[in-house]
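Peer 1: turn this into a structure:
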Amino acid sequence: MIKKVAGVLTGSMLLFYGCYNDKEELLYGGGNSCEGVSTSFATNVNPIIQSSCAIPTCHAAGSTNGPGPLTTYAQIKNVAVDIKSAVVSRFMPKTGSLTDSQIKTISCWVDSGAPNN
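Peer 2: Model prediction:
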């Protein structure tokens with residue numbers, strides 16, 4: 001009897017995990033295409049981060065939250081992959097939310113190597 005229960009549980013788990021899909025383009029839509037997405041750090045990315053992340057209650061100068069302050073290119077570049085993960089999962093920002101376009105801008109900027117452009 002125990003073998004049957006174990007077999008059913010194992011089979012159920014395999015079925016469950018076999019159906020799980022963690023492909024970003026399927027979970028968050030729009031695919032990974034960055035064609036036509038403006039990803040200039042100075043013009044597109046930094047304004048999003050300064051208005052949504054580098055605010056006094058979150059990641060302003062002197063912050064000890066998470067990665068600390070996100071006020072300079074170097075600080076942002078050092079945690080670019082973490083920023084992408086946090087905004088794509090919609091875990092951040094804690095105060096409000098980013099539009100799909102803003103998320104794609106950050107994601108594509110990180111995917112392009114997070115250049116200081």
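Peer 1: contacts, neighbours, all on C-alpha from now
Peer 2: Will do.
Peer 1: which element is the spatially most central residue of the chain on?
Peer 2: Geometric centre of the chain, nearest residue: residue 85, 2.5 Å, by C-alpha atoms, centre = their mean. Assigning secondary structure by DSSP states H and E places residue 85 in helix 80-88.
Peer 1: I'd like to know which elements that helix is packed against.
Peer 2: On a contact count with 3 or more C-alpha pairs under 8 Å, 6 or more residues apart in numbering; DSSP states H and E, helix 80-88 meets helix 100-111.
Peer 1: next, the buried residues of the helix it packs on.
Peer 2: 102-111 (16 or more other C-alpha atoms under 10 Å).
Peer 1: would you turn those residues into TSV with distance to residue 46 and pLDDT?
Peer 2: Formatted as TSV, those follow (distance: C-alpha to C-alpha, whole Å; pLDDT from 0 to 100):
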residue	distance to residue 46	pLDDT
102	11	97
103	12	97
104	14	97
105	10	98
106	9	98
107	13	97
108	13	98
109	11	98
110	12	98
111	16	97
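Peer 1: closest one of those residues to residue 44?
Peer 2: Nearest to residue 44 out of the buried residues of helix 100-111 is residue 105 (C-alpha to C-alpha; 7.2 Å).
Peer 1: correct me, but the closest one touches residue 43?
Peer 2: No - using C-alpha atoms under 8 Å, residue 105 is not in contact with residue 43; the gap is 10.8 Å.
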